[in-house]
Each structure stands twice: as structure tokens, then as C-alpha cells.
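A.B. asks: Generate a structure from the sequence data that follows.
(one chain, ligands or ions: 1)
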Amino acid sequence: MTHPAGPLPSPWPRSVIDQLLWPGLPGPQGQQMLALTAQLQLAEWWTPEALERAQLAQLDALVRHAGTHVPYYAKRLRRWKVDTSVPLTWEAFRRIPVLKRAEVQRAGESLYASATPPAHGRVGSAQTSGSSGRPVTLMKTELTLLLWRAVTLRDHLWHRRDMMAPTCHIRETGGLRAPPPDGATHATWGSAAEDAFQTGPSHTLSVTADIASQARWIAARKPRYLLVYPSGLRGLLDHWEATGTAPRGIEQVRTISETLRPELRDRVQSVLGARLVDLYSSQEVGYIALQCPDHAHYHVQSETIHVEVLREDGEPCAPGEAGRVVVTPLHHFGTPLLRYEIGDGAEVGPPCPCGRGLPVLTRVLGRIRHMLHFPDGRKVWPTFAVGRFVKLAPIRQWRIVQVALDHLELHLCTTRPVTPEEEQAVVRSILDKLGHPFRVTVIYRPEGIPSGANGKYEDFLCAIDPDA
Ligand SMILES: [Zn+2]
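C.D. replies: Numbering: from 1, shown residues only. Here you go, the predicted structure:
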């Protein structure tokens, strides 16, 4: 944005007061956003203990509400000896059993609150497909959406984005919106940013566009920021490398929705000269963790969600340990979810050197039902030396499916037929990394390997888990 004084700093306020340019005062919605933003900027520096005390205060209100207005919880909380007539303690909170997705489906409308605080705004339903294809419908208030927007804005601010610059989003758009070749253009960065700040345009393209159309679309719009799914990003990087047409001027690539394999960070740096910024969210509960402004790991968004990472025995993981993610969104009064097992795994990290007290997740590991099972009973989130094995053959897309305890299928889509030697080298590289001599069947998928019903691409699937 320019002014006789020269280009103005970003973020620049959207002021509604005559003759007041800076500091600005936005309208009521923008003021709400700034009020929340100011508190997030204070709370992120609190100690972990202070953050926990603040969470417990909010959880107390939520659990009390659940006990009073949510049929599912009314009788169960008594059975679990969670007394809502006295202040909530962590001990009482942890007596609430972990809630699984299948239970949420069984409970149906008995999880909906019969009433919500009027000041939380209107209640609307949100259907989520879930990666297992078992849909769940949750009720959300306008307040949950407001807090969701506040965390979206925090992500922009943490990563110092110039909100006047153009941004491009390639994502699931629902139905026929933003179709190729042109997608759709919006004058602003959307409601999270525009209420409080001046922004440039955002462009959206449906993820159903083929990679070449996506690349053309990006080239024509010259974005400074690009938001994509990791699987789509991999396709774009392959395309740009193969054709030597990597666009210039992209500063940050933002990934959402799917599990990010770390090697993509280096590829984004080497192909685009850009930084990759990931985030961890879910359709059901919104933001769980954002990438630290200074490091490649994630900070739990403690102001809006309580996150536990639990070992197999139900105890919390220590730094360095990985376990299942159990969340309690602090402000979901429409459909309270207390200690909800979201189905993902994550690894807990030590406190962040940046000084923020928000807990650290070192890695988000993907769906629990897609852990690799070893014949000796061990289960792990598999890592593959992707950077290495995709160089051993002209691999465009890959997926590994565990079909039996000792048997993997390797699905490959390649740019030309693969020689037996190449195939062998790829299989050996995968088995070396896994450290076990699984039997591997290679299946060629020249038509490409599809994403799941929810639009997410999983590069590893376990087809033998009884819960799957
Ligand atoms: Zn940090």
C-alpha cells in the first residue's frame, strides 16, 4: 500500500474513524479481533503453569455447561464422579474417559447442548467427513468461529506476512466453486484479516485442477504466499523441477490438512527459495497447533484448545515420546467434546527456545489407524527416506499399504516404465529404513493414485488394523 509518505508498513489498520489513519480504530468486528489478538500476544509468553491455570478456569465453565445442558454428559459426569457443583480440578478432569469418534457418532444429538449462552451467538451445524469416512455433525457457535479467526490472524502475524501482498490458495473448495482454469478472486485475505487490517487480494483454485493447470494459475497470479496440501505441493515441485519453471517471488508456502513429511521443507527451499510453514488443524475442532515463528515445530494453541498427548497406557507423553492426540476445545459450547481422541499421533517436544510457554509438538504423525504394525506387536508411524527413494526411479506418486502383518503393497505412479533394477533399489531403500524384511508387492498405477474420500492424500495406509 502506498501513500504520499511512501509504502506503509503492514499490517496497516482498517480505520473507520474520519481523519484517523494510524493507529487506527476498526469497526466492532475488527475491534473484537484486536481485543483477542492482544490477549493472545500476552498469553503466549506466560509460563506453562499459568497457561494451565487459565485453561482450567475455562474448562470449569465448559464442563459445568456440559453437565447442565448436554444430555450425554449430564448423567455420565456424575458416574465419573466429576462434581460440577465444585470448582473443577485437573484430577477430576482426567477422570473423564477419552471420547472416541465412534462414540461421538453413537451419541448423536445427545451431545448437542439444549442451550448455549446467548452471547456466544447463533448456533450452526458443521458436518465433518473425517478421514475414516464416518461423518459427524457438530454444532458450533459464532464465538467458536470468532476464535478460529483470531488464531488464523495469529498465524499471519507470527509469520510476519505482508497482508497487502497477493496470496494463492489451492484447496478443497466444496462442489464447483473456484474451478480451473481461473479459480476465484476475493478482494481481501478474508474475514480473519480484513476486519482489523487492510489486505491485498486472495486467489483460490479448486484442488481438483490438474498440476499443470495449477502451475499456470500460480504463474499468472504471482503470489507472495501459497497455501496448498502437502500432496499437491509435492506434485507442483515435481512439475517445476521437471520443466524448470519454478515461479519467483513466493516467500512462504503454507501447508494444511495432511501430514507433512519433513523433507518437503528442504525441497521448497531449494526449488522456490521459500520457507515452508505448516499448521495442525482438524475439521472437527479447528486449530490445534501452529508452527513456531522461529522453528520448524508446532505450538499448541492453548488459549483455544487443551491438548494431551497420551501413551498407550493413558499417561501423558514426556518430551521425545509420541502418542495419541486427545483434545478438548475450550469454547465448543454447542457440542462440547471433552477429551476427544482425534485419531492422530504427535510427538511432544521440550519447551521452545523462542520463550513462548505454549506447549511444543515436534512432529504431527498422522492417523493412528495408519500406524505400521510389526509381526512382533510393535506399532510405529513409519518414516521413509522419501528424498532418497524417489531419486532411484522416476516416481511421480507413491503410497505404501500394509495388507498383512508381513506384507506391504507399494503403489507407484511413474513417468516412464521402471526397470527391474530400479524397482529393486526402491524396495530395498524402503525396507532398509523400516528395518524389517516385509514382503513387498509393487503395483503400478499409471492413472495416478487417488486421495481419500475426504480429499486428503495418505502416503501410508494400514489395511489390517481392526479399528480401521
Ligand atoms: Zn517457539
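A.B. asks: When you work out contacts or count neighbours from here on, use the C-alpha atoms and nothing else.
C.D. replies: OK.
A.B. asks: Quick check: residue 35 is in a helix.
C.D. replies: Yes - counting by DSSP: H, G, I helix; E, B strand; the rest coil, residue 35 is located in a helix.
A.B. asks: Name the residues that touch the helix ranked longest in the chain?
C.D. replies: The residue-count maximum for a helix in the chain (DSSP state H) belongs to helix 48-69. Helix 48-69 is contacted from outside by 43, 73-75, 77, 84-85, 87-90, 113-116, 302-303, 306, 330-333, 336, 338, 357-359, using Cα atoms under 8 Å, 6 or more residues apart in numbering.
A.B. asks: Show me what counts as buried in the worst-scoring helix or strand of the chain on mean pLDDT.
C.D. replies: Among the helices and strands of the chain, helix 386-389 carries the lowest confidence by mean pLDDT, DSSP states H and E, at a mean of 78. For helix 386-389, the neighbour count (16 or more other Cα atoms under 10 Å) marks 386, 389 as buried.
A.B. asks: so after that helix, what's the next helix or strand?
C.D. replies: Counting by DSSP states H and E, the next helix or strand C-terminal to helix 386-389 is strand 395-404.
A.B. asks: Show the contacting residues for the residue of the stretch 151-300 of the chain found nearest the ion.
C.D. replies: Going by Cα to the ion, the ion is nearest to residue 292 of the stretch 151-300 of the chain, at 4.4 Å. Residues counted as contacts of residue 292 (Cα under 8 Å, 6+ apart) are 158, 298-299.
A.B. asks: Need those in JSON lines (columns: neighbour count, pLDDT and secondary structure).
C.D. replies: As requested, these are arranged in JSON lines below (neighbours: other Cα atoms under 10 Å; pLDDT from 0 to 100; DSSP: H, G, I helix; E, B strand; the rest coil):
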{"residue": "158", "neighbour count": "15", "pLDDT": "98", "secondary structure": "helix"}
{"residue": "298", "neighbour count": "26", "pLDDT": "98", "secondary structure": "strand"}
{"residue": "299", "neighbour count": "26", "pLDDT": "98", "secondary structure": "strand"}
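A.B. asks: Export those to JSON lines and append columns for distance to the ion.
C.D. replies: Shown next, in JSON lines, are these (distance: Cα to the ion, whole Å):
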{"residue": "158", "distance to the ion": "10"}
{"residue": "298", "distance to the ion": "7"}
{"residue": "299", "distance to the ion": "7"}
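A.B. asks: now check the longest helix of the chain, is it near the ion?
C.D. replies: No - applying Cα under 5 Å from the ion, one finds helix 48-69 separated from the ion by no less than 12.8 Å.
A.B. asks: Show me what counts as buried in the very next helix or strand once past that helix.
C.D. replies: Per DSSP H and E, helix 48-69 leads on to helix 71-79 as the next helix or strand towards the C-terminus. For helix 71-79, a neighbour-count test (16+ other Cα under 10 Å) marks 71-74, 77 as buried.
A.B. asks: Which pair in these has the greatest spatial separation?
C.D. replies: Within the buried residues of helix 71-79, 71 and 77 form the most distant pair, 10.4 Å apart (Cα to Cα).
A.B. asks: Mind telling me what element residue 240 is part of?
C.D. replies: Using DSSP H and E, residue 240 maps to helix 230-243.
A.B. asks: Quick one: list the elements packing against that helix.
C.D. replies: helix 211-221, helix 263-272 (3 or more Cα pairs under 8 Å, 6 or more residues apart in numbering; DSSP states H and E).
A.B. asks: what element comes up after it heading to the C-terminus?
C.D. replies: Downstream of helix 230-243, the next assigned helix or strand under DSSP H and E is strand 252-255.
A.B. asks: mind saving the C-alpha coords of that following strand as CSV?
C.D. replies: What follows is strand 252-255, C-alpha atoms only, in CSV (Å, rounded to 0.1, in the frame of the first residue of the first chain):
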residue,chain,number,x,y,z
GLN,A,252,6.2,-18.7,2.1
VAL,A,253,4.5,-21.9,1.2
ARG,A,254,1.8,-22.7,3.7
THR,A,255,0.6,-26.3,4.1
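A.B. asks: Please consider this matter closed, and thank you.
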